[in-house]
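A.B. asks: task: produce atomic coordinates for the following.
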Amino acid sequence: MRPLLALAAVALATAAALSPAHAGPRLDRIVESKTLRVGTPGDYRPFAITAGTGYEGHDIDVIEKIAKELNVSIQYVPTSWPNLVADLKADKFDVAVGGITRNVTRIRQFEMLPGYAPFGKVALVRTADAGRYQSLADMDQANVRVVKNPGGTNETFVLANFRQAQVSTHPKNAEIPGLIAEGKGDVMITETYEALVYAKADPRLTAKFVDSPLTPKNFLGFMLPTDDADYTRVMRFAWDLVDQRGGLEQARQRWLSTAK
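C.D. replies: Numbering: from 1, shown residues only. Predicted coordinates for the structure are as follows:
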């Protein structure tokens, strides 16, 4: 019986080798539909911001280049910071972009592509009041109004570090700088690049703590579901290919270098 078992094993192995190769289910679906579903809150300059009927920004440029390498088109799916995790888990899109911080909480639940755009938490304040704020303690005062957006790491930082200040929530992140400039709030906690973009666009605003951020250096990353190792492998390959061909540097020069 042993020779027969050996022959059967060889036959099975040969049949497997000769059968058509199949990727994981998510990658198969993307290839067959020729569509990559991209989720983004679309409210975080300069990474992804709503522009007319579409989006623009650093992350939009990069994911468009990745889609081109995959030979697929993009279907953008609106989401929000409070719903980002739940929507990705619910399979509403295949990748999340738009200025997403890489951290342990997220990497425990999802895959993340390589980090880019090193940053720290900083403050966006009115230029007229910039001299008041030389430390976190200076902002955490009872007469200071801190406006945060819900659902992301900015909110996490505010809730963990502001005990005395008046903290309020505004649902649309992209509107908060205008509220600060108009005197309807005093401080917005955000990240280096967003603060620099708004400060450059509006002289009423100043980015504080850019050279000495309120947190250690961190990085942003594209977030993927963990249900298909083949999909993750191909996305990492496409990211590396875009990088090696200069696509990441082109996006950085276009969207990030001018911010500083």
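
A.B. asks: could you pull out the strands for the stretch 151-260 of the chain?
C.D. replies: Applying DSSP state E, counting those that start in this stretch to the stretch 151-260 of the chain gives strands spanning 166-169, 187-191, 205-208, 218-220, 223-224.

A.B. asks: what's in contact with the shortest one?
C.D. replies: The one in question is strand 223-224. The contact list for strand 223-224 (CB atoms under 8 Å, 6 or more residues apart in numbering) reads 84, 88, 94-97, 100, 106, 110-113, 231-232, 235. From N, CA and C alone the C-beta is placed, and that goes for glycine too.

A.B. asks: what subset of these is buried?
C.D. replies: 84, 88, 94-97, 100, 106, 110-113, 231-232, 235 (16 or more other CB atoms under 10 Å).

A.B. asks: any stretches of the stretch 101-250 of the chain with poor pLDDT?
C.D. replies: Flagging of the stretch 101-250 of the chain using pLDDT under 70 yields an empty set of residue ranges.

A.B. asks: for it, which segments count as helices?
C.D. replies: For the stretch 101-250 of the chain, the helices defined by DSSP state H, counting those that start in this stretch occupy 104-107, 136-139, 153-161, 176-181, 192-201, 229-244, 247-255.

A.B. asks: rewinding a little: Thr35: which of the contacts of strand 223-224 is nearest?
C.D. replies: Checking the contacts of strand 223-224 against Thr35 by CB to CB gives Asp94 as the nearest, at 8.8 Å.

A.B. asks: residues touching the closest residue to that closest one other than its chain neighbours, list them.
C.D. replies: Distances taken as CB to CB, 6 or more residues apart in numbering place Arg37 nearest to Asp94, at 4.7 Å, with adjacent residues excluded. Contacts for Arg37 (CB under 8 Å, 6+ apart) come out as 74-75, 77, 92-95.

A.B. asks: picking that back up, just put the helices of the stretch 101-250 of the chain in CSV and tack on distance to Lys68.
C.D. replies: Formatted as CSV, the helices of the stretch 101-250 of the chain follow (distance: least, CB to CB, whole Å):
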stretch, distance to Lys68
helix 104-107, 26
helix 136-139, 43
helix 153-161, 30
helix 176-181, 33
helix 192-201, 25
helix 229-244, 9
helix 247-255, 9
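
A.B. asks: can you tell me which of the ones you listed is nearest to Ile60?
C.D. replies: Here helix 247-255 is closest among the helices of the stretch 101-250 of the chain (CB to CB), at 8.8 Å.

A.B. asks: mind listing what's buried in the closest one?
C.D. replies: Buried residues in helix 247-255, counted by 16+ other CB under 10 Å: 247-248, 251, 255.

A.B. asks: what does stretch 209-221 give?
C.D. replies: Within stretch 209-221, judged by 16+ other CB under 10 Å, the buried ones are 209-210, 213-215, 218, 220-221.

A.B. asks: among these, which one sits closest to Gly24?
C.D. replies: Among the buried residues of stretch 209-221, and counting by CB to CB, the member closest to Gly24 is Gly221, at 20.8 Å.

A.B. asks: quick check: phi and psi on that closest one?
C.D. replies: phi -160, psi 150 (degrees, to the nearest 10).

A.B. asks: from what I can see it touches Phe119, true?
C.D. replies: No - Gly221 lies out of contact with Phe119 (CB atoms under 8 Å); the separation is 11.8 Å.

A.B. asks: tell me how far the spatially closest residue to Thr192 that is not a sequence neighbour lies from Ala165.
C.D. replies: Closest residue to Thr192 apart from its sequence neighbours, by CB to CB, 6+ apart: Phe119 at 4.0 Å. Noted for Phe119: a distance of 22 Å to Ala165, by CB to CB, to the nearest Å.

A.B. asks: the residue nearest to Thr192 - how many residues pack around it?
C.D. replies: By the criterion of other CB atoms under 10 Å, Phe119 has 23 neighbours.

A.B. asks: which residue, other than its chain neighbours, is closest to the residue nearest to the spatial centre of the chain?
C.D. replies: Here the mean C-alpha position of the chain is nearest to the C-alpha of Ile100 (CA atoms, centre = their mean), at a distance of 2.3 Å. In space, and not counting its chain neighbours, Ile100 is closest to Met223: 5.4 Å by CB to CB, 6+ apart.
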